[in-house]
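Chemist: The amino acid sequence is not available; the structure is as follows:
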């Protein structure tokens with residue numbers, strides 16, 4: 001039957017749908033970061049997309065000229081700006097060679113399993 005070969009793409013609308021997607025992703029040993037759309041086959045979640053559901057903050061400070069106080073000030077500004085915009089979760093990619101990398105968890109960030117972040121232009 002061809003029907004079971006069609007990928008069903010649906011907006012996640014209920015807590016039950018969200019929980020089903022989260023369980024399926026975790027059972028497949030994947031991070032779950034704010035799913036918004038479920039990919040279903042025969043009514044069973046086989047994937048998800050979180051399209052613009054979590055802001056990504058890019059960040060750079062000069063490793064030779066910026067001070068610890070500069071870093072604390074910049075992070076405080078970033079978090080304050082996001083908070084005033086109603087954001088309660090954000091991603092911040094940090095290169096392993098960054099002096100901040102080893103400090104991120106100490107200041108409240110949670111390390112994800114994602115080891116690489118890819119970028120693609122659409123124009």
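Modeler: Done, it's in. Just so it is clear, the structure is predicted and the values come from calculations on it, not from any experiment.
Chemist: number of nearby residues for residue 110?
Modeler: Residue 110 has 7 neighbouring residues, counting by other C-beta atoms under 10 Å. Quick note: C-beta positions are derived from backbone N, CA and C, even for glycine.
Chemist: Check it and give its pLDDT.
Modeler: Here the pLDDT value assigned to residue 110 is 91.
Chemist: List phi and psi for it.
Modeler: Reported as degrees, to the nearest 10, the phi and psi values for residue 110 are phi -110, psi 120.
Chemist: what does the one 10 residues further on give?
Modeler: Note on residue 120: its backbone torsions stand at phi -150, psi 130 [degrees, to the nearest 10].
Chemist: and what of residue 47?
Modeler: Note on residue 47: backbone dihedrals following degrees, to the nearest 10 are phi 180, psi 170.
Chemist: wait, what's in contact with the nearest residue to it once chain neighbours are set aside?
Modeler: Nearest non-adjacent residue to residue 47, counting by C-beta to C-beta, 6 or more residues apart in numbering: residue 39, 3.7 Å away. Residues in contact with residue 39 (C-beta atoms under 8 Å, 6 or more residues apart in numbering) are 7, 8, 9, 45, 46, 47, 48, 49.
Chemist: in the chain, which spans are strands?
Modeler: Along the chain, counting by DSSP state E, strands occupy 8-11, 37-41, 44-49.
Chemist: burial of the nearest residue in space to residue 57 that is not next to it in sequence, as a residue count?
Modeler: Nearest in space to residue 57, with sequence neighbours left out and distances taken as C-beta to C-beta, 6+ apart, is residue 92 at 4.8 Å. A count of neighbours around residue 92, defined by other C-beta under 10 Å, yields 14.
Chemist: so what's residue 92 scoring on pLDDT?
Modeler: So, for residue 92, pLDDT stands at 91.
Chemist: could I get the contacts of residue 39 as TSV with distance to residue 107?
Modeler: Output for these, formatted as TSV (distance: C-beta to C-beta, whole Å):
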residue	distance to residue 107
7	40
8	41
9	38
45	34
46	36
47	33
48	29
49	30
